[in-house]
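A.B. asks: sequence and predicted structure are below.
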Amino acid sequence: MSQDARNALDALLAHKDPPIAHTGSFGCSTKWAEKSADRVAAIQKLDAKPVDVTPVSADSLKTLRSNPSKKYTLINFWATWCGACVDELPELEETFRMYSVRDIDYVLVSANQPDERDGVLRMLKHFHSTGRNFLFDSADTESMQKAFNPKWDSAVPYTVFLDPDGKILYEQLGSLDILKLRRTILAALPSDYSGFNQYWSSGL
């Protein structure tokens, strides 16, 4: 194992020139300045996506829970009148943007009343929610909740992260732990290097 950095520090402390002035390294090139243009282009592509909201029925929520997309899927139930929900919308959008190239599905479901669509859409546009956006098509909130998960009988926000088979990998009633969620996502996503997944699932 090379100790070029240590040798360089020892030399500098002794007021000498480092024995090796440059050590090449091999790895990810994201540190190079030219990569910033790619990042800006990716953000602009997401920003150009139109934002809309579609009514969702109880039957459709049952289907959503089974995860028919067969992708890793992040689902968040929220409402415009819920302060905790609104506070975490930017972090959820940022999380989706971070991992969207990994083929993740992102779904927001508003628990607002059907006639509050304009206010829901206005807020979604404000945060430029680029996933799939739904709104309960019924004022019977209890039935809508039970359609997705019979054990969910309380408030919003409610967040789940599903694997392609519909298994819940992350579930949080109330304000989410964004770092825990991101670690769960990184631990689950397919990787060519098993150590990557092991690290993120270790909790270190």
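C.D. replies: Alright, I've got the coordinates.
A.B. asks: from here on, just use CA atoms for contacts and neighbour counts.
C.D. replies: OK.
A.B. asks: pretty sure Val109 sits against Leu135.
C.D. replies: Yes: with contact defined as CA atoms under 8 Å, Val109 reaches Leu135; the gap is 5.5 Å.
A.B. asks: what's the end-to-end length of stretch 110-117?
C.D. replies: One end of stretch 110-117 to the other measures 9 Å (CA to CA, to the nearest Å).
A.B. asks: what comes up buried for that stretch?
C.D. replies: Residues of stretch 110-117 classed as buried by neighbour count (16 or more other CA atoms under 10 Å): 110-114, 117.
A.B. asks: now the two most distant members of the residues you listed.
C.D. replies: Ala111 and Arg117 (10.4 Å; CA to CA).
A.B. asks: who touches both of those two?
C.D. replies: Leu135 (CA atoms under 8 Å, 6 or more residues apart in numbering).
A.B. asks: quick one: the longest helix along the chain to chain centroid distance?
C.D. replies: Assignment by DSSP state H gives helix 83-99 as the longest helix of the chain. In terms of CA atoms, centre = their mean, to the nearest Å, the centre of helix 83-99 is set 7 Å apart from its chain centre.
A.B. asks: helices and strands of the chain: which one bottoms out on pLDDT?
C.D. replies: Scoring the helices and strands of the chain by mean pLDDT, DSSP states H and E places helix 35-47 at the bottom, with a mean of 71.
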